[in-house]
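In: Provide a 3D model corresponding to the input given below.
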Amino acid sequence: FNKALNEHRRSWFVIHPIRLPVYYRGDWLAVLESQMDRVWSHDDALVYVTRPDRVPIPADPEIPVDAHFGDVVALNGYSVGRRGELTPEAQIGSCELAGVLCFRPGDALQVTLFWETLAPMDVDYTVFLHVRDRQGKTLAQRDNQPFDGLYPTSQWQPGESIAQPLVVELPDDLAPGSYSLYVGLYRLDTLARVSLEDDASGENAYVLDEPIMIVSGEQ
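Out: Numbering: from 1, shown residues only. Below is the predicted model of the structure:
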């Protein structure tokens with residue numbers, strides 16, 4: 001479904017109202033609701049069309065990883081880019097640093113996390129994304145329940161693969177340099193984080209393998 005939406009700028013989806021919740025899983029429905037608008041709901045038909053301002057979701061991760069959070073969920077990979085751009089080539093070319101993910105202050109950074117459910121969850125976990133400098137100070141962050149709460153983790157089923165996009169606005173005064181990206185999950189009611197196997201951060205956060213480079217905002 002993601003692949004079809006990404007390859008065709010304007011797509012339509014039509015289905016009988018009764019079949020939608022019966023034939024499609026929650027992760028698929030969350031993508032539908034976050035990527036398309038319902039424009040018709042009469043005559044035993046639901047009609048959706050792609051949103052003009054949607055944030056595209058990559059179909060596959062750019063970088064595979066193997067990070068297990070407790071025994072409930074695994075992070076299998078991720079992709080990093082500007083909001084609305086599915087691959088990092090534009091960033092690499094724009095700042096003339098080959099092989100480095102480059103951004104400018106004020107850019108909207110999109111990180112898509114590819115999760116796999118390992119066991120049923122009875123908690124609606126919040127996912128966090130931190131942008132940190134070399135001293136470990138968090139200068140930008142995004143905390144979000146998957147698909148803005150449309151598909152909470154308590155509804156995830158074992159064996160499902162969920163691609164979760166997170167967008168964080170980089171500060172306009174962010175200094176040039178290298179920054180690391182930290183991700184993880186926590187309970188909103190207690191702020192307790194889900195434990196990460198082989199945690200190298202010391203705080204149950206997975207540090208994405210590739211840092212990002214912030215370059216001068218001057219064109």
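
In: C-alpha from now on. contacts and neighbour counts both.
Out: Will do.

In: list the buried ones in stretch 179-190?
Out: Y179, S180, L181, Y182, V183, G184, L185, Y186 (16 or more other Cα atoms under 10 Å).

In: which element is the first one on?
Out: For Y179, the element it lies in under DSSP states H and E is strand 177-187.

In: secondary structure class for the residue of the chain positioned farthest from its centre?
Out: What lies farthest from the middle of the chain is D43; by Cα atoms, centre = their mean that is 35.6 Å. When classified by DSSP: H, G, I helix; E, B strand; the rest coil, D43 comes out as coil.

In: phi and psi next, for V167.
Out: phi -120, psi 130 (degrees, to the nearest 10).

In: same thing with E116?
Out: According to degrees, to the nearest 10, E116 has phi -130, psi 130.

In: for it, which non-adjacent residue is spatially closest?
Out: Distance criterion Cα to Cα, 6 or more residues apart in numbering; nearest residue to E116, sequence neighbours excluded, is S161 at 4.6 Å.

In: now do that neighbour, the pLDDT please.
Out: Looking at S161, its pLDDT reads 89.

In: determine the longest helix present in this protein.
Out: Criterion DSSP state H: the longest helix present in the chain is helix 26-35.

In: export that one as CSV, just CAs?
Out: Only the C-alpha atoms of helix 26-35 are listed here, as CSV (Å, rounded to 0.1, in the frame of the first residue of the first chain):
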residue,chain,number,x,y,z
GLY,A,26,-5.1,-2.0,12.3
ASP,A,27,-1.6,-1.1,11.0
TRP,A,28,-3.1,-0.9,7.4
LEU,A,29,-6.0,1.2,8.6
ALA,A,30,-3.6,3.6,10.4
VAL,A,31,-1.7,4.1,7.1
LEU,A,32,-5.0,4.7,5.3
GLU,A,33,-6.2,7.3,7.8
SER,A,34,-2.8,9.1,8.0
GLN,A,35,-2.2,9.2,4.2
